[in-house]
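Undergrad: Based on what follows, work out the 3D shape:
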Amino acid sequence: MASLTVLYNDDATLAHGSEQDAIAVLAVRDCARNIGEALASRGHAVQVEGLPPARDAVLRAVAELRSELVFNLVEGIGGDSRLEQAMAWLYELHGVRYTGSGPRAMALCMEKPVTKAVLAAAGLPVPHGTVLARGDESVTNLRFPLMVKPAREDASHGITMDSVVRDEAALRRQARKLIETYAQPALVEEYIPARELNVALLGGARGVEVLPLSEIDYSGFSPDEPHLVTYAGKWIEGSRDWDLTKVVAARDLTPAQRTRIEAVARGAFETLELRDYARVDLRLDERGEPFVIDVNPNPDLSQGAGFHLAAERAGLSYPDLIERVVASALARHGQAT
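TA: Predicted structure coming up:
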């Protein structure tokens with residue numbers, strides 16, 4: 001058994017965004033508590049600690065860590081998600097062992113246009129797109145409808161039903177709104193209207209395991225609505241989007257499709273040098289070809305979240321899942337649980 005610290009960012013607000021965006025930040029507290037309880041049930045000595053928002057306090061907190069492993073749930077510093085990678089660098093500088101991906105992977109995945117470029121250079125399929133820093137740049141090489149989202153956010157921040165635009169006026173309006181609200185460029189991609197799959201990948205003794213594939217069930221949406229996991233659908237319980245957006249087991253995929261989907265997800269995991277656990281989100285076009293639309297290096301491990309549901313379909317309980325993440329991290333350091 002190991003001595004573990006479950007560390008999360010204890011922020012009440014975000015540096016940028018709307019008031020509702022803080023819901024996702026606050027949810028990490030419950031996740032940290034769940035993980036702490038799961039680890040304690042397996043006999044580990046566990047501390048669950050909230051990381052204060054002040055940067056000098058963050059530096060002291062990392063320097064004072066004495067546990068054998070940190071279960072890293074820190075998604076930013078002082079409400080700034082762009083500093084998520086800085087936390088990984090602090091662990092590295094202080095020689096702290098921690099779960100999840102390293103700073104390079106975190107940096108690549110935070111900057112979504114960079115993620116796309118790296119994946120495309122490796123021959124992995126991504127939607128055609130561009131970046132709008134001002135909102136008035138040319139998009140003549142792209143076909144409507146288009147998807148507009150913040151260039152460096154996660155957890156569906158900035159994603160609403162208005163994110164899919166069907167003409168240039170709507171594109172300019174939505175892009176400028178995101179640029180102003182989130183203080184960053186807007187990423188514009190050709191919208192793929194077909195199926196959306198989540199691929200959960202989990203480290204293990206025999207390498208990275210692809211858990212049973214999940215799919216977003218959009219059957220409750222009307223035919224003329226874009227099929228999207230909005231911020232409300234992910235975080236605002238009781239909202240219409242929440243009620244209509246369900247994660248289910250992927251169905252009606254041919255063996256060849258499953259093989260291709262898993263290969264693309266593994267390719268993204270390896271290309272971006274992810275570790276321990278990750279989720280790759282894909283869309284299938286009308287031919288059934290997968291395209292990577294997002295890569296999550298340290299995805300939500302809350303009970304009932306998509307990753308947990310995929311693990312359950314693989315026969316893993318919640319404590320099993322959390323223990324696997326810890327075992328993968330400790331194995332990288334030559335230490336057994």
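Undergrad: list the contacts for the residue nearest to the spatial centre of the chain?
TA: Nearest to the mean C-alpha position of the chain, by CA atoms, centre = their mean, lies residue 296 at 3.0 Å. Residue 296 makes contact with 109, 154, 278-281 under the criterion CB atoms under 8 Å, 6 or more residues apart in numbering. (Glycine included, C-beta is placed from N, CA and C.)
Undergrad: one more time with 10 Å, if that's ok
TA: Contact analysis of residue 296 by CB atoms under 10 Å, 6 or more residues apart in numbering lists 101, 109, 154-155, 198, 200, 274, 277-281, 306-307.
Undergrad: ok, now residue 228?
TA: Per CB under 10 Å, 6+ apart, neighbours of residue 228: 147, 149, 156, 159-164, 191, 196, 216, 218, 221, 241, 245.
Undergrad: show me where pLDDT drops low in the stretch 1-150 of the chain?
TA: 12-26 (pLDDT under 70).
Undergrad: now the strands for it?
TA: Secondary structure of the stretch 1-150 of the chain, counting by DSSP state E, counting those that start in this stretch: strands at 3-9, 45-51, 69-73, 129-132, 146-150.
Undergrad: longest single helix anywhere in this protein?
TA: helix 22-41 (DSSP state H).
Undergrad: Specify the angle between that helix and strand 45-51 in degrees.
TA: Per axes from the mean of the first three to the mean of the last three CA atoms, to 10 degrees, the angle that helix 22-41 makes with strand 45-51 is 170 degrees.
Undergrad: Which other helices and strands does helix 22-41 contact?
TA: Applying 3 or more CB pairs under 10 Å, 6 or more residues apart in numbering; DSSP states H and E, we find helix 22-41 packed against strand 3-9, strand 45-51, strand 69-73, helix 231-235, helix 318-332.
Undergrad: Can you tell me which of these is nearest to residue 28?
TA: Between residue 28 and these, the shortest gap by CB to CB is with strand 3-9, which sits at 4.7 Å.
Undergrad: strand partners of the closest one, parallel vs antiparallel please.
TA: Strand 3-9 has the following sheet partners, assigned by DSSP bridges: strand 45-51 (parallel), strand 69-73 (parallel).
Undergrad: would CSV of the contacts of residue 296 with secondary structure and neighbour count be doable?
TA: Below are those laid out as CSV (DSSP: H, G, I helix; E, B strand; the rest coil; neighbours: other CB atoms under 10 Å):
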residue, secondary structure, neighbour count
101, coil, 27
109, helix, 25
154, coil, 21
155, coil, 20
198, strand, 24
200, strand, 26
274, coil, 26
277, strand, 29
278, strand, 26
279, strand, 25
280, strand, 29
281, strand, 21
306, helix, 22
307, helix, 24
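Undergrad: I'd like to know which of these is nearest to residue 331.
TA: Nearest member of the contacts of residue 296 to residue 331, counting by CB to CB, is residue 277, at 13.1 Å.
Undergrad: picking up where we left off before, generate CSV for the strands of the stretch 1-150 of the chain, with distance to residue 259 and mean neighbour count as supplementary columns.
TA: CSV is the format used below for those (distance: least, CB to CB, whole Å; neighbours: other CB atoms under 10 Å):
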stretch, distance to residue 259, mean neighbour count
strand 3-9, 36, 23
strand 45-51, 39, 17
strand 69-73, 32, 24
strand 129-132, 26, 19
strand 146-150, 27, 24
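Undergrad: and of those strands, who's closest to residue 118?
TA: Nearest to residue 118, of those and by CB to CB, is strand 129-132 at 13.8 Å.
Undergrad: mind checking how far the closest one is from the chain centre?
TA: Using CA atoms, centre = their mean, to the nearest Å, the distance from the centre of strand 129-132 to the centre of the chain it belongs to is 20 Å.
Undergrad: Quickly run through the sheet partners of it, with directions.
TA: strand 186-190 (antiparallel).
Undergrad: okay, the partner strand in PDB with CA atoms only?
TA: Output in PDB follows, covering the C-alpha atoms of strand 186-190 (Å, rounded to 0.1, in the frame of the first residue of the first chain):
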ATOM      1  CA  ALA A 186     -11.600  30.800 -31.400                       C
ATOM      2  CA  LEU A 187     -11.000  27.500 -33.000                       C
ATOM      3  CA  VAL A 188     -13.300  26.900 -36.100                       C
ATOM      4  CA  GLU A 189     -13.800  23.400 -37.500                       C
ATOM      5  CA  GLU A 190     -16.000  21.800 -40.100                       C
END
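Undergrad: Mind checking the pLDDT average for it?
TA: Average pLDDT, strand 186-190: 97.
Undergrad: between it and strand 146-150, what angle do the directions make?
TA: For strand 186-190 against strand 146-150, the angle by the same axes, to 10 degrees is 160 degrees.
Undergrad: buried sites along strand 186-190?
TA: Using 16 or more other CB atoms under 10 Å as the test for burial, strand 186-190 gives 186-190.
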